[in-house]
Structure formats: C-alpha cells, structure tokens
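Chemist: Provided below are the primary sequence and the corresponding predicted coordinates.
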Amino acid sequence: MNIPVELTKQPKTLPPAKEFGFGRFFSDHMAIVEYSKDGAGPSRSWKNPKVTPYAPIPLDPGAAVLHYGQELFEGLKAYRGDDGKVRLFRPEMNWKRMQAGAARICMQAPPLELFIEMLKSFCRVEDRWIPKEPKCAFYLRPTLIATEAFLGVRPSNDYLFYVIGSPVGSYYGEGSDTVKIKVETEFVRAAPGGIGAAKTGGNYAASLRAALEAKQEGFAQVLWLDTTKKHIEEVGTMNVFFKMNGKIVTPSLDGTILPGVTRDSVLRLLEEMGTPAEERPISLEEILTASHNGKLEEVFGTGTAASISPVDSLGINGERVRVGEGKTGPVASELLKRLTDIQYGRSEDTFGWTLAIG
C-alpha cells in the first residue's frame, strides 16, 4: 500500500528529552484517512489515505462525535532499539481492540492492513521524532471519530481515522519508581453491559473528577471498584496485578475492564517465568486482609503509557495501606526488564510481538 506524503514546510524544533514528559509535544505530521460515500452512490469505503502536516481537522459543528460521543482511540509506542531499528509493539492487538470497541458503539473501523500501514508510513515520515534516549519512545495515538453532520440518535455514516504522535518519557515523571494509588469508593467508572471494555473517551471523561481529587490528595491515580464497591477493577490508566502470599492475581475481564495489551503481554511473560497469574474476581476485603497479615507483597499497574508501574501504597478511606516494603518488588522489576528488552530489541522476541519498520 502506497500512502502519499506531504511534508511540512515548517518543521518544529525537537524538544530535549528531559522535557518530554507525556503527551506534551506533537510531531510534524499526521496520517489521515476518510470513510465516506463513493460519489453519488450509497456505498462507503476508506479512501484517500495520506500523511500530511499536523494541523487542525475541519469538522462540521453538527458532527456526530460532538453530540453523541462516537469516538475511539488507541495507544501504542514506536521504540528505537539499541540496534537503531524502530519497532512497533503488538499493533495487531491495538487493531483488534479498536475493532471490538467500534462494534460496541456502532462505528466503522479501518481494516488491519490499512491500520498497520498508516502507523508504519507515519513513523517513517516522523523518524527524527522517535527518540534515541534511554527509556524514551514515540507514543502513537490512532483515533477514530464520527464526522457525519446530523442531529438524531443513530450511528454516523461517515468516519475519520487519524494518527498523531508524541515523543515521551516517563508517564508519571522522572524519579517516580513507584506510585501511590487511591481506591475510589464513591464514583464508578463503568457498569456491566456498558462500554468499560472500549477505549472510548466517555470512559475517561467519567474518571476525571475522581482522578483530579486523587491527585490533589497526593496520589498518582485512582483504583476503581465495581458497582458493588466490593471488587477491584482497574487503575485509571492501567490494569492492575497483586502478589499476595506468593501468588499473582489480576481481575478477570468481564466487560467492564479494558483488555490491555501490556496486561496480556505480562500474563504471557509470567507464564514463561513459571509464575502464572490467576485471572479472577478480587475483593477489596481480600486486599485489606492480605495487607493486615503482611501478605500483600507487590502491587503493580500495566499499560502502554506507564509500562510496569509498581505501587508503594494504597489510599483507602483516608487510611494508607503500605505494599510490601514500599519499593519496587522483584516480580515487577523482572517483568519490566523482560518487557523493555523485547520492545527495544535487546533480547530475542520469541513471542513475535514486535514489528520492525523498514
């Protein structure tokens, strides 16, 4: 697939790596493709894929995305390895999740070949934005929005798929080896039968107030409970794992939890390490009991943005529950090493997870 490229005439100055943070800077270009009618007929298709200079997107004020929230996005990274090669990590899983989310909210997602080629073409054009510095990467945000202009509650007929990118460092900032997480006991992120498993903006909008309050109290993120307020679900930007009494557990996917790419990768790595995790419901009471008995050994989050994030303490109704020794545990440390070694090409990718960009 040959995707046309229009290069910017005003390239931006690359920011220094120490200022990357997360999502602060955007690269020079974007990849974009439309799904709309073919001429005067009723049929629709993906057409005119291209890489163009980064710019505002013209959008009708009546576009469905603005009124009925039909939109999805994904997040993945391009890693520049120690060998100089640029690799994507499991992009087909991001595509599968976008397809599943699109089906849930009646959207039309791009086919796999187009999805992958848009990512690859974009990364080739933005090569100078893909960091060489350790622990840095190029974050990719594939996004799907409904663009048909109408007022009436029904699925849109027209869509826009685009990809933008940002050079990133640590999600939680430099020096944040561990994070503090607040257990949210008032608000709820998702309900059974809803869209909790879809990476749509509505889920994140529902989380903003609780996350803001948590940060004002000194926490990095929120740990969500289910609608009964009894069982663990996920952290605001991550899936979550617990090591209790020598065993590793993570909440099972039940339709209210985002099926994370890093989560799936960690489950595979744990199996390879000989310490497979149990996927099952985990009650808050079980976590508290393990803590009081000195059996809460490790807690860590997993996600594309934050990779493996060890948790040193949980905040529950004003009480601070310490995790293990309050520092990165051996399982989280080993997982982080194994995962990043694959992503940066430092070890053999026996799983076939990486896709090199030629």
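Modeler: It's in.

Chemist: For the protein, just list every one of the helices.
Modeler: 64-68, 91-104, 112-125, 201-216, 261-272, 284-292, 330-343 (DSSP state H).

Chemist: what helices or strands is the second one leaning on?
Modeler: In other words, helix 91-104. strand 71-73, helix 112-125, strand 137-146, helix 261-272 (3 or more C-beta pairs under 8 Å, 6 or more residues apart in numbering; DSSP states H and E). Any C-beta I mention is one placed from the backbone N, CA and C, and that applies to glycine too.

Chemist: Can you say which of the helices of the chain is nearest to S166?
Modeler: helix 112-125 (12.1 Å; C-beta to C-beta).

Chemist: what separates the closest one from the chain centre, distance-wise?
Modeler: 18 Å (C-alpha atoms, centre = their mean, to the nearest Å).

Chemist: Check stretch 77-92 too.
Modeler: Using C-alpha atoms, centre = their mean, the offset of stretch 77-92 from its chain centre is 16 Å.

Chemist: Flag every buried residue along it.
Modeler: Neighbour-count burial for stretch 77-92, counted by 16 or more other C-beta atoms under 10 Å, picks out 77-81, 86-91.

Chemist: Okay, and which of these map to strands?
Modeler: Applying DSSP state E to the buried residues of stretch 77-92, the entries found in strands are 77-80, 86-89.

Chemist: Among the residues you listed, find me the one that's closest to R141.
Modeler: For those, the nearest to R141 is K77 (10.4 Å; C-beta to C-beta).

Chemist: Now the closest one: closest residue in space that isn't a chain neighbour?
Modeler: A137 (4.1 Å; C-beta to C-beta, 6 or more residues apart in numbering).

Chemist: Dump the helices of the chain to JSON lines, plus mean pLDDT.
Modeler: Shown next, in JSON lines, are the helices of the chain (pLDDT from 0 to 100):
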{"stretch": "helix 64-68", "mean pLDDT": "97"}
{"stretch": "helix 91-104", "mean pLDDT": "98"}
{"stretch": "helix 112-125", "mean pLDDT": "98"}
{"stretch": "helix 201-216", "mean pLDDT": "94"}
{"stretch": "helix 261-272", "mean pLDDT": "98"}
{"stretch": "helix 284-292", "mean pLDDT": "95"}
{"stretch": "helix 330-343", "mean pLDDT": "96"}
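
Chemist: For those helices, give me a markdown table that also has distance to L151.
Modeler: Shown next, in a markdown table, are those (distance: least, C-beta to C-beta, whole Å):
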| stretch | distance to L151 |
| --- | --- |
| helix 64-68 | 7 |
| helix 91-104 | 22 |
| helix 112-125 | 30 |
| helix 201-216 | 19 |
| helix 261-272 | 36 |
| helix 284-292 | 43 |
| helix 330-343 | 45 |
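
Chemist: Check whether G196 really touches L258, as I assumed.
Modeler: Yes - using C-beta atoms under 8 Å, G196 makes contact with L258 at a distance of 7.1 Å.

Chemist: so where's the stretch 151-300 of the chain uncertain?
Modeler: In the predicted model of the stretch 151-300 of the chain, residues 172-176 satisfy pLDDT under 70.

Chemist: Kindly recompute the last result at 90.
Modeler: 170-177, 236-237 (pLDDT under 90).

Chemist: Okay, domains of this structure per the record?
Modeler: As assigned by automatic domain parsing, the chain contains the domains 17-168, 179-343.

Chemist: Would you format those domains as TSV with distance to G358 included?
Modeler: What follows is those, written out as TSV (distance: least, C-beta to C-beta, whole Å):
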stretch	distance to G358
domain 17-168	8
domain 179-343	18
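
Chemist: To D349, which of these lies closest?
Modeler: domain 179-343 (5.2 Å).

Chemist: got the end-to-end distance for the closest one?
Modeler: 23 Å (C-alpha to C-alpha, to the nearest Å).

Chemist: returning to that earlier point: overlap in contacts, G196 and L258.
Modeler: Common contact partners of G196 and L258 (C-beta atoms under 8 Å, 6 or more residues apart in numbering): N203.

Chemist: I'd like the helices and strands packed on helix 91-104 as TSV, with distance to K215 appended.
Modeler: Formatted as TSV, those follow (distance: least, C-beta to C-beta, whole Å):
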stretch	distance to K215
strand 71-73	22
helix 112-125	32
strand 137-146	21
helix 261-272	22
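
Chemist: among those, which is the most enclosed?
Modeler: strand 137-146 (a mean of 23; mean count of other C-beta atoms under 10 Å).

Chemist: returning to what we had before: find the pair from the buried residues of stretch 77-92 with maximum spatial separation.
Modeler: R80 and R90 (17.0 Å).

Chemist: quick one: the nearest residue in space to S156 that is not next to it in sequence from L72, how far?
Modeler: In space, and not counting its chain neighbours, S156 is closest to A146: 3.4 Å by C-beta to C-beta, 6+ apart. Going from A146 to L72 by C-beta to C-beta, to the nearest Å gives 10 Å.

Chemist: same check, this time on D158
Modeler: 15 Å.

Chemist: ditto for I57
Modeler: 16 Å.

Chemist: Same check on F22?
Modeler: 20 Å.

Chemist: What of E19?
Modeler: Distance from E19 to L72, by C-beta to C-beta: 30 Å.

Chemist: you'd agree L112 is up against M93?
Modeler: No - between L112 and M93 there is no contact, the gap being 11.0 Å when judged by C-beta under 8 Å.

Chemist: how about CSV for the buried residues of stretch 77-92, with distance to E286 added?
Modeler: Below are those laid out as CSV (distance: C-beta to C-beta, whole Å):
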residue, distance to E286
K77, 33
A78, 39
Y79, 36
R80, 42
G81, 40
V86, 43
R87, 38
L88, 37
F89, 32
R90, 31
P91, 36
